[in-house]
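Student: pasted the sequence and its predicted model underneath.
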Amino acid sequence: MLIAVANGTVSWYNDSMPLLFIGNTFNTSSTINTTAYIIFQTDANGCTSLSDTVLISVKPIPALPIITGDTTVCEHDTLSLNVSAVINAIYLWTGPMGYTGNSSQAFITNFNSSQQGIYNVSVTADGCSNQRAQLITMIQLPSNPIYTNAPVCEGDSLQLYTTNIVGGSYVWQGPSGYSSQQSYNTIQQSTFFNSGYYHLTVIADGCSSVFDSLFVNIVQYPVFNLGNDTTICIGSPVTLSVPSGFSSYTWNTGAMTNFITTIDDGTYWLTIENSGCAKTDSIAIEVIDCSAYIPNAFTPNNDGINDYFFINYHNARQMHLVILSSWGIPVRNLNGVECKYQKAEIQCLKEPIFLAQMQ
């Protein structure tokens with residue numbers, strides 16, 4: 001719109017001199033080229049003034065910006081939008097949460113849901129502007145909780161699993177080179193070497209979950225042994241003991257320590273628990289009479305009465321007998337479980353050992 005301030009009649013012409021309009025206010029048509037407009041004023045007496053010229057310079061509008069970059073952004077990732085550089089241009093980005101930027105690139109780190117929406121960029125060059133808008137949406141990261149049936153006892157099955165996501169992929173890593181791409185996993189006959197940290201990353205819609213890990217414990221069964229079945233003499237105590245440091249000890253006697261002492265025969269059972277993993281062992285104890293009768297004299301005169309030196313040792317399994325002279329000189333060494341002695345004669349009934357001096 002061009003306005004001429006005059007008292008007479010105003011005539012509008014262009015630079016090729018055709019009459020365009022008569023009047024003070026002239027609405028020009030859309031102009032794509034630089035154009036000169038010439039005006040004359042004619043008063044009431046028919047006199048025409050000198051001409052005046054208005055030059056309308058038409059500047060090119062910057063090309064419609066082309067926004068490149070992601071239209072979707074993973075949660076906590078970086079949004080990066082770009083437009084083509086224009087010489088001497090001024091850029092203005094606007095977006096959600098009051099975002100503004102003044103370069104050819106929009107850059108937002110740690111993107112969150114409140115920042116998704118329409119981003120607009122205006123490019124101004126030589127006083128003329130053009131703009132474009134782009135809708136940006138955020139993709140929420142997939143969840144990756146790690147579930148397990150641990151702790152489990154060594155030899156049992158270890159289960160590792162997470163929430164199943166349609167179209168998702170899974171990356172498991174763990175001790176001893178463990179890896180898997182399944183949402184649900186079972187390790188048969190687990191061992192102590194399966195203990196440690198398990199890591200899981202879930203990928204869905206192009207976005208990777210936050211790195212997560214869980215420590216898994218494979219509990220070893222208690223290692224102990226009550227020993228072989230044994231025999232003790234009447235009144236002689238025996239102590240049964242195992243290593244300390246386990247969660248609990250349960251004897252069939254009611255004791256709850258890592259050792260017991262007994263003088264009674266029978267079978268003794270012990271159950272040891274280590275963090276829920278229990279093992280039982282047993283031992284049989286036989287109590288026998290170990291008393292011995294040793295005569296202090298004998299009469300080897302062949303009258304059939306007390307002719308032999310004879311040791312009566314109940315339940316003997318091995319004996320050593322040394323016969324000494326009155327001067328303390330050994331005259332006989334005998335080994336066995338049942339022997340008689342008469343002067344220099346020795347009669348062994350079944351490969352026994354007998355001594356005048358027992359050791």
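Tutor: The structure has been received and is ready for your questions. Numbering: from 1, shown residues only.
Student: leaving out sequence neighbours, find the closest residue to residue 60.
Tutor: Excluding its sequence neighbours, the residue lying closest to residue 60 (C-beta to C-beta, 6 or more residues apart in numbering) is residue 128, at 6.9 Å. No exception for glycine: its C-beta is placed from N, CA and C like everyone else's.
Student: number of residues surrounding that neighbour?
Tutor: When counting by other C-beta atoms under 10 Å, one arrives at 12 neighbours for residue 128.
Student: now it: how far from residue 177?
Tutor: 64 Å (C-beta to C-beta, to the nearest Å).
Student: residue 51 now?
Tutor: As judged by C-beta to C-beta, residue 51 and residue 177 stand 93 Å apart.
Student: what comes up buried for stretch 244-262?
Tutor: Going by neighbour count (16 or more other C-beta atoms under 10 Å), the buried part of stretch 244-262 is 246, 249, 251, 255, 258, 260, 262.
Student: kindly report the same for stretch 9-28.
Tutor: For stretch 9-28, a neighbour-count test (16+ other C-beta under 10 Å) marks 10, 11, 12, 13, 21, 24, 26 as buried.
Student: my guess is the first one meets residue 43, correct?
Tutor: No - applying C-beta atoms under 8 Å, one finds residue 10 not in contact with residue 43, separated by 11.0 Å.
Student: re earlier: for the residue nearest to residue 60, what are its contacts?
Tutor: Taking C-beta atoms under 8 Å, 6 or more residues apart in numbering as the criterion, residue 128 is in contact with 59, 60, 61, 62.
Student: again, only using 10 Å
Tutor: 58, 59, 60, 61, 62 (C-beta atoms under 10 Å, 6 or more residues apart in numbering).
Student: state the distance from the fourth one to residue 89.
Tutor: Relative to residue 89, residue 61 is positioned 12 Å away (C-beta to C-beta).
Student: next one: the last one
Tutor: Applying C-beta to C-beta, one obtains 6 Å for the distance of residue 62 from residue 89.
Student: thinking again about what came up before, what about residue 51 and residue 177, which has more around it?
Tutor: residue 51 (11 against 6).
Student: got a list of what that one touches?
Tutor: Each residue near residue 51 by C-beta under 10 Å, 6+ apart is listed here: 11, 13, 38, 39, 40, 41.
Student: for the residues you listed, work out which two are farthest apart.
Tutor: Comparing all pairs in the contacts of residue 51 by C-beta to C-beta, the longest separation belongs to 13 and 41, at 12.5 Å.
Student: give me the common contacts of residue 61 and residue 89.
Tutor: 123, 124, 125, 126, 129, 130.
Student: between those residues, which sits nearest residue 236?
Tutor: residue 123 (103.8 Å).
Student: pLDDT wise, what is the closest one at?
Tutor: Looking at residue 123, its pLDDT stands at 96.
Student: wait, doesn't it sit right on residue 103?
Tutor: No - distance between residue 123 and residue 103: 11.3 Å, which falls outside the contact criterion (C-beta atoms under 10 Å).
Student: who's more crowded, those two?
Tutor: For residue 123 versus residue 103, neighbours defined as other C-beta under 10 Å are more numerous around residue 123 (23 against 12).
Student: looking at this, that one is in a strand?
Tutor: Yes - Residue 123: assigned to a strand according to DSSP: H, G, I helix; E, B strand; the rest coil.
Student: tell me the spacing between it and residue 34.
Tutor: 22 Å.
Student: can you check residue 214 too?
Tutor: Applying C-beta to C-beta to residue 214 and residue 34 gives a distance of 73 Å.
Student: who's more crowded, those two?
Tutor: For residue 214 versus residue 34, neighbours defined as other C-beta under 10 Å are more numerous around residue 214 (16 against 11).
Student: helix or strand for the more buried one, which one?
Tutor: Residue 214 is part of strand 212-216, with elements assigned from DSSP states H and E.
Student: check which helices and strands that strand sits against.
Tutor: Under the contact definition 3 or more C-beta pairs under 10 Å, 6 or more residues apart in numbering; DSSP states H and E, strand 212-216 sits against strand 147-148, strand 158-161, strand 169-174, strand 196-204.
Student: for the ones you listed, which one ends up most surrounded?
Tutor: strand 158-161 (a mean of 20; mean count of other C-beta atoms under 10 Å).
Student: elements contacting that strand?
Tutor: Partner elements for strand 158-161 (3+ C-beta pairs under 10 Å, 6+ apart): strand 147-148, strand 169-174, strand 184-187, strand 196-204, strand 212-216.
Student: partner residues bridging residue 277?
Tutor: residue 274 (DSSP bridges).
Student: which residues does it contact?
Tutor: 151-156, 218-222, 246-247.
Student: let's see which of these end up in strands.
Tutor: Among the contacts of residue 277, DSSP state E puts 152, 153, 218, 219 in strands.
Student: out of those residues, grab the one that's most surrounded.
Tutor: residue 218 (22 neighbours).
Student: can you count the residues close to residue 62?
Tutor: 20.
Student: again but with residue 302, I slipped
Tutor: Residue 302: 9 neighbours (other C-beta under 10 Å).
Student: please report phi then psi for residue 98.
Tutor: phi 70, psi 20 (degrees, to the nearest 10).
Student: no, scratch that, I was asking about residue 38
Tutor: phi -110, psi 140.
Student: the residue nearest to residue 229 when sequence neighbours are not counted bridge partners, please.
Tutor: The shortest distance from residue 229 to any non-neighbouring residue, by C-beta to C-beta, 6+ apart, is to residue 284 (4.1 Å). Counting by DSSP bridges, residue 284 is bridged to residue 267.
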